[in-house]
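*Asks:* Predicted structure and sequence below. I'll ask about it afterward.
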Amino acid sequence: MPGIKNKPYPFTDDLKLNLQSAAGISLGLFLFLLFFQPLDPPVSEFNKKLLILAGFGVIHLLLLTGCRIVVPSVLPNLFQTEKWTIKKEAVLHLLFLILNSVAFAFYARYVGKIGVNFHIAVNIVLISAASVAVLAIVTEYKFLKTKLQSIMAQNQDIDAKEPDADTLNGIEFESENQSERFFLFPEQIILIKSAGNYIEIIYKQNEKVSRRMVRNTLAYAEQLLTQYPFLIRCHRSTVVNIHCIQKVNKTSEGLKLDLLDYSRAVNVSRQYVLKVKEALEQPQ
């Protein structure tokens, strides 16, 4: 799919993690070269061979540190977490692969005195690619771990608030079979959409936009929201928070709403146009 490459992907700017990853992968690379000898220096003395192989690890460590730590700190505008994408992450990995392969080839030829033929060149590229793969796995693991911790913390926060929903003047959404409950403050809600047998609640919590599916109807949700006049129905399948409306656009298809923290335009049905306009003129 063409949109995948532009999908947001957080840049790992954790200094400790980057240093640990760079050092660990470089050490693993040195041990791999030592035991499997895909790049075997033509020297008889073991200490000299050990020193040459250690040089590959040092080069790898310097380049990886430069790409993941030094350059992002010098050019922070290019490595903003909120603007980082899968495409940019892939380009950064490719850049490191090329730099590392070229540096290894020159080092092997002029320092290690290793003849760089086709076989050696392939080994160098494969070693660099393996390093990139390990780094990608470490980065993805850290990303998933952080995301899981965030979800668990969010659920704990919600669970802690649920018993006091009435006193806190919040909203408790409940599934039709009463097996699931979900608590929110009305101000957190951006919009609620009908999605088949479910409603999709899009809300903001801790400066992050999240989604939650609850098995119930939009009519049920609308009944819960009657005491909150800033949450109004604008379409047969949508309830919107008027405080999140950034812009109202007139199109050939009718009115469309641009919302804060929500990328898609929201349609306004003709029967709800007057209601939306009145709500915007007299915000609650």
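*Replies:* Looks like it came in fine. Remember, predicted model here, so these are calculated numbers, not experimental data.
*Asks:* tell me the pLDDT at the residue of the chain positioned farthest from its centre?
*Replies:* Ranked by distance from the centre of the chain (Cα atoms, centre = their mean), the top residue is Ser44, with 49.7 Å. According to the model's per-residue confidence, Ser44 sits at a pLDDT of 88.
*Asks:* Provide the secondary structure category for it.
*Replies:* When classified by DSSP: H, G, I helix; E, B strand; the rest coil, Ser44 comes out as coil.
*Asks:* Please report how far it lies from Ile189.
*Replies:* Counting by Cβ to Cβ, to the nearest Å, the gap from Ser44 to Ile189 is 74 Å. Every residue, glycine included, has its C-beta placed from N, CA and C.
*Asks:* Which residues are in contact with Phe11?
*Replies:* If you count contacts by Cβ atoms under 8 Å, 6 or more residues apart in numbering, Phe11 has them with Pro72, Phe79, Gln80, Thr81, Trp84, Lys88, Glu89.
*Asks:* what's the burial count for the third one?
*Replies:* Which is Gln80. 12 (other Cβ atoms under 10 Å).
*Asks:* Leaving out chain neighbours, which residue sits closest to it?
*Replies:* Counting by Cβ to Cβ, 6 or more residues apart in numbering, Gln80 lies nearest to Phe11, which is 7.4 Å off, once chain neighbours are set aside.
*Asks:* and that neighbour, that one's in a strand?
*Replies:* No: counting by three-state DSSP, Phe11 is not found in a strand; it is coil.
*Asks:* Mind pulling up the pLDDT for it?
*Replies:* Reading off the per-residue confidence, Phe11 sits at a pLDDT of 73.
*Asks:* Look up phi and psi at Ser269.
*Replies:* Backbone torsions of Ser269, given as degrees, to the nearest 10, read phi -70, psi 150.
*Asks:* Might you list the low-confidence residue ranges for the chain?
*Replies:* In the prediction, the chain carries residues with pLDDT under 70 at positions 1-4, 8, 10, 81-82, 146-147, 149-169, 283-284.
*Asks:* ChimeraX command for the buried members of the contacts of Phe11?
*Replies:* Only the buried members of the contacts of Phe11 enter the following ChimeraX selection, criterion being 16 or more other Cβ atoms under 10 Å:
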select :72,79,84,88,89
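*Asks:* Among the contacts of Phe11, which one sits closest to Leu31?
*Replies:* Each of the contacts of Phe11 was checked against Leu31 using Cβ to Cβ; the closest is Glu89, at 26.9 Å.
*Asks:* got a list of what Cys67 touches?
*Replies:* Applying Cβ under 8 Å, 6+ apart, the residues near Cys67 are Leu92, Leu95, Phe96, Leu99.
*Asks:* again, only this time at 7 Å
*Replies:* With contacts defined as Cβ atoms under 7 Å, 6 or more residues apart in numbering, the neighbours of Cys67 are Leu92, Leu95, Phe96.
*Asks:* Just the buried residues of those.
*Replies:* Burial by neighbour count, judged by 16+ other Cβ under 10 Å, picks out Leu92, Phe96 from those.
*Asks:* Output the contacts of Cys67 as JSON lines; include the columns distance to Val276 and secondary structure.
*Replies:* Conversion of the contacts of Cys67 to JSON lines gives the following (distance: Cβ to Cβ, whole Å; DSSP: H, G, I helix; E, B strand; the rest coil):
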{"residue": "Leu92", "distance to Val276": "45", "secondary structure": "helix"}
{"residue": "Leu95", "distance to Val276": "49", "secondary structure": "helix"}
{"residue": "Phe96", "distance to Val276": "51", "secondary structure": "helix"}
